[in-house]
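Novice: Below: sequence and its predicted model.
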Amino acid sequence: MMMWNEMSTEMGNVTTVQEFTLEGFPAIQHLGNVFFFVHLLAYLASTVGNAIIVTITCADSRLHTPMYFFLSIFSFFECCFTSTVIPKLLIIFLLGRQTISFPACFIQAFVTVFLGAAGFFLIAVMSLDRYVAICKPLHYPTIMNLKTCFLLVTACFTLAFTLITGPVVKVSQLSFCGPHVIPHFFCDLAPLIHLSCSDTSSTEMLAFVLALVILLTSLIITIIAYSNIAVTIVQLPSVRERQKAFSTCSSHLIVLSLIYGSCVFIYVKPKQTNRLDSNREAALVTTVVTPLLNPVIYTLRNKQVHQALRETMCRMKISR
């Protein structure tokens with residue numbers, strides 16, 4: 001049931017929305033139980049897979065390298081991101097409870113946008129790490145030391161928080177006097193801006209410029225890094241080495257294409273009121289598909305991780 005509360009103010013005939021209704025996927029709502037189990041399995045698989053990456057990286061000293069350090073942070077981001085969005089979607093599918101309070105909605109919007117922005121900056125850092133490792137191997141231990149890794153991760157957090165806080169606060173201060181139905185399965189800035197009864201032209205432009213800066217900065221760094229990596233790989237003398245390197249890079253680029261493509265489609269539009277319905281399908285890629293693919297493509301296909309996982313499981317059996 002779509003329920004919402006309104007609180008009349010003493011200043012004129014204005015009402016303030018106290019709850020929003022997440023529309024979810026109305027076209028398939030009659031198949032709620034089926035989609036509940038599908039998304040539950042995907043959520044559990046992605047959470048367990050990313051949690052395994054974090055655990056194995058911390059437990060095995062052989063994986064205490066910059067590459068796996070960044071991968072473990074990225075996996076932690078993915079766990080937090082999906083846990084912010086998917087549980088509410090599961091409740092919508094299973095119980096049909098679509099309402100979300102005003103504060104909870106903006107907390108969800110802030111966390112998802114913050115983690116998304118930090119994730120893009122981290123992707124750029126991971127690309128630079130691979131560039132230094134492949135293109136400048138002799139200088140790699142000196143450049144990518146432990147202090148540098150911590151500083152880069154801290155910079156990702158700080159930059160994302162600095163860029164995101166202002167726009168989210170600005171959107172939360174808009175007037176919401178109805179309608180209250182968000183055409184999405186989680187609270188995001190674009191549909192919230194669309195629901196406001198204030199003048200949102202400056203807010204829309206701010207959100208557009210911000211998304212453009214975050215996505216393009218990360219994308220340009222990633223493209224430059226992988227372009228140099230590709231040139232270096234082509235110059236490798238062994239055909240087997242080239243095939244192995246290209247196989248790894250192509251897997252990474254598939255995930256990056258899904259992430260960047262879906263986010264550009266969702267956020268890089270001057271008029272955020274356009275195509276909100278289609279944003280839901282694109283958002284499923286970033287909230288369900290890529291978190292599920294990341295453990296497989298980035299780490300679980302790696303022989304070092306397989307060996308570390310087998311040894312950890314053996315130690316657990318022996319300890320019993």
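Specialist: Arrived safely.
Novice: What segments of the stretch 151-300 of the chain are strands?
Specialist: 181-182 (DSSP state E, counting those that start in this stretch).
Novice: where in it is pLDDT low?
Specialist: 244-245, 247-248, 251, 269-278, 298-300 (pLDDT under 70).
Novice: where along it do the helices fall?
Specialist: 189-195, 201-234, 239-267, 276-284, 290-294 (DSSP state H, counting those that start in this stretch).
Novice: Tell me the buried residues in the second one?
Specialist: Spelled out, that is helix 201-234. Neighbour-count burial for helix 201-234, counted by 16 or more other Cβ atoms under 10 Å, picks out 203-204, 206-208, 210-211, 214-215, 218-219, 221-222, 225-226, 228-229, 233. Where C-beta positions appear, they are placed from N, C-alpha and C, glycine not excepted.
Novice: Report the angle between that helix and helix 239-267.
Specialist: 170 degrees (axes from the mean of the first three to the mean of the last three Cα atoms, to 10 degrees).
Novice: Return the residues in contact with the residue nearest to the spatial centre of the chain.
Specialist: For the chain, the residue nearest the mean C-alpha position is Gly116 (4.2 Å; Cα atoms, centre = their mean). Contact analysis of Gly116 by Cβ atoms under 8 Å, 6 or more residues apart in numbering lists 81, 263, 286.
Novice: and the helix or strand encompassing Thr47, what does it pack onto?
Specialist: Thr47 belongs to helix 32-59 when assigned by DSSP states H and E. When contacts are defined as 3 or more Cβ pairs under 8 Å, 6 or more residues apart in numbering; DSSP states H and E, helix 32-59 sits against helix 66-95, helix 290-294, helix 303-319.
Novice: Now tabulate those in TSV and tack on distance to Leu152.
Specialist: Converted to TSV, the helices and strands packed on helix 32-59 look like this (distance: least, Cβ to Cβ, whole Å):
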stretch	distance to Leu152
helix 66-95	8
helix 290-294	19
helix 303-319	22
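Novice: wait, doesn't Glu23 sit right on His184?
Specialist: Yes. Using Cβ atoms under 8 Å, Glu23 is in contact with His184, at 6.7 Å.
Novice: wait, isn't Leu63 in contact with Val305?
Specialist: Yes. Here Leu63 reaches Val305: they are 7.2 Å apart, a contact under Cβ under 8 Å.
Novice: Identify the contacts common to these two.
Specialist: Common neighbours of Leu63 and Val305 are listed as Ile56 (criterion: Cβ under 8 Å, 6+ apart).
Novice: separation between Glu19 and Lys170?
Specialist: Distance of Glu19 to Lys170, given as Cβ to Cβ, to the nearest Å: 21 Å.
Novice: rewinding a little: list the buried residues in the helix holding Thr47.
Specialist: Buried residues in helix 32-59 (16+ other Cβ under 10 Å): 32, 35-36, 39-40, 42-43, 46-47, 49-50, 52-54, 56-57.
Novice: tilt between that helix and helix 66-95?
Specialist: Using the same axes, to 10 degrees, helix 32-59 lies at 160 degrees relative to helix 66-95.
Novice: just how off-centre is helix 32-59 within its chain?
Specialist: 14 Å (Cα atoms, centre = their mean, to the nearest Å).
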